[in-house]
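Q: Please find the sequence and the predicted model below.
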Amino acid sequence: MLKLDLSYISVKTEITDGTGWRMDRLGGVAEKERHAAGPMRVLVLGGSGFIGRHASAALQAAGCDVVVGTRDPAKARRKLLSPSPQCAFRRVRLERHLDPRSWEAVLEGVDAVVNCVGILRQRGRETYDRVHHLAPAALAAACAEGGIRLVHVSALGLRAPVRSRFLHSKRDGEDAIRACGGDWCIVRPSLLDGRGGFGARWIRRVAGWPVHALPANATGRIAALDVCDLGEALARLVVGPRMDGPSREFELGGLQERSIGEQLRAMSPRTRPPLGVKVPVWLARLASHVCDLLHVTPYSFGHYELLRFDNCPRPNRLPEVLGRLPRPVPAAEGGIIRFTSSQSKEPACRLSRHCPPTMTPKSLSWRSSSTKRSASAPTAC
C-alpha cells in the first residue's frame, strides 16, 4: 500500500486580511471563516459541464450558494452531482455577452464567478474568439467594475509555438483578464480524468484497445489529475483571500508526469502490453483536421499540437491549494474507472468524504462589502 507523507502541509496559522476577517492558512491558500453577512453567492458558468459540476459540488460543500450559469437551465439540474435546494440557475450564452454592460443582469447579486466554459470546436456563433477571448474579456471588465472575484479556467500549453486558433483564443482570453485590473485568478489544469467527461471517457476507451496508435511526434508529457481535485481547488480559490501578481496564476496537475503513450499503457486493463504504433506526422495532422471537420472524437488540431509539447504544471501548485497531495488518477478497466481502495466507487464525488475538514463546514460564509445582493433572486431549483 502506498503511504504518502503529508507532514509538510500540516502547519496551520491564523492570519487576517486587514478587514477583520479571520482566516486559516493551510497549504498556502487561506479560507475565510464565518461572516455575519451570510453565505457567499457564486455564479458557476458552465456549471453543468464536466468541470463546472464538480466545482459546483465543491462550492456547495464549502457552504456557498451556487448559481449555475448554463445554456439550458431545464437540463442542467439533472447533470449536477448533488444539487442543494438553494441551487439556482441562470440562462447564459457566453457568445452573446461581448460587452461588459451585457453582464450586469447576469452578475446581479453575485459575489464571485467561476468560468468553466470552453468549446472544443466552433459551431455557429460559438466561435473560439467569442467564447474564449471576447466574452471572458467583457466578463473580467464587468467583474472588476462590480468588485466581483473571477476564477477563470484556462489550459496549459498556451505559450508554446502553436498555430491552433483554439489555443490562440485561450491565450488572448488570459491576456484580457490580466489587463482588467480586478480580483481574478487563472487556473490551468493538465489532462483531466473522471466520470462524465467526453475526453476522459475516450481516453479510457482507447486505453482498453489492443493497439495504441499515436502521432509519431506525440512526445510531450502530461500530469493527469482527478477532476474532483480540480473542483475542490476552484472552490478554495473562490473563498480564499485576494492575491496579486503572478501568485494568482495556478498551474495544476497530478502526481505523475507521463507521455500520452505512457498514460494509456498505465491505464490499460490488459495483461499483455498494448502494441504501440507511431502514426506518421502528416497523417496524424490530417486526421486532426478531419475530426475537426466532422466533429467526431475529442481529437482535434489543437490536441495534435499540444501532444508535441510538455503540458505539465511548472510548478504544480495543486498540493499548495488543496493542502494535501493530489489523488492518484485511477486506471481503466474495460472502459470503466477502476478505483483504488482509498477512492469512492460511487458515480459522484462525495466531497464531504474526500475533502479535508476545512472544505466541508456548512457554516463557511462570506460577503464582499463592495457587492450588494439584489432583491430579485434567480429562479431556485
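A: Cool, got the structure. Numbering: from 1, shown residues only.
Q: for residue 280, what are its contacts?
A: residue 216 (C-beta atoms under 8 Å, 6 or more residues apart in numbering). For glycine as for every other residue, the C-beta is placed from the backbone atoms N, C-alpha and C.
Q: Need phi/psi at it.
A: According to degrees, to the nearest 10, the main-chain angles of residue 280 amount to phi -50, psi 140.
Q: Same question for the one 10 residues further on.
A: The phi and psi values for residue 290, taken as degrees, to the nearest 10, are phi -60, psi -40.
Q: Neighbours of it, how many?
A: Residue 290 has 13 neighbours, counted by other C-beta atoms under 10 Å.
Q: oh, and call the first residue 36 from now on, that's how I've got it
A: All right, first residue 36 from here; so that's residue 325.
Q: How much space separates it from residue 247?
A: Distance, residue 325 to residue 247, using C-beta to C-beta, to the nearest Å: 19 Å.
Q: repeat for residue 176
A: Noted for residue 176: a distance of 45 Å to residue 247, by C-beta to C-beta.
Q: And residue 215, by the same measure?
A: Using C-beta to C-beta, one obtains 43 Å as the distance from residue 215 to residue 247.
Q: repeat for residue 77
A: Residue 77 sits 40 Å away from residue 247 when distances are taken as C-beta to C-beta.
Q: which of the two has more neighbours?
A: A count of neighbours by other C-beta under 10 Å puts residue 77 above the other of residue 77 and residue 247, at 29 against 18.
Q: Mind telling me what element the more buried one is part of?
A: Residue 77 is part of strand 76-80, with elements assigned from DSSP states H and E.
Q: what helices or strands is the next helix or strand after that strand leaning on?
A: Using DSSP H and E, the helix or strand that follows strand 76-80 in sequence is helix 85-96. If contacts are counted by 3 or more C-beta pairs under 8 Å, 6 or more residues apart in numbering; DSSP states H and E, helix 85-96 sits against strand 76-80, strand 100-105, strand 147-150, helix 262-274, helix 386-389.
Q: Between strand 100-105 and helix 85-96, find me the angle.
A: Helix 85-96 runs at 160 degrees relative to strand 100-105, counting by axes from the mean of the first three to the mean of the last three C-alpha atoms, to 10 degrees.
Q: Where do the helices of the stretch 186-335 of the chain begin and end?
A: Per DSSP state H, counting those that start in this stretch, the stretch 186-335 of the chain carries helices over the ranges 200-213, 233-242, 262-274, 295-302, 316-329.
Q: Out of the ones you listed, which gets nearest to residue 123?
A: Shortest distance between residue 123 and the helices of the stretch 186-335 of the chain, using C-beta to C-beta, is found for helix 262-274: 16.4 Å.
Q: May I see the buried residues of that closest one?
A: Applying a neighbour-count criterion of 16 or more other C-beta atoms under 10 Å, the buried positions in helix 262-274 are 262-274.
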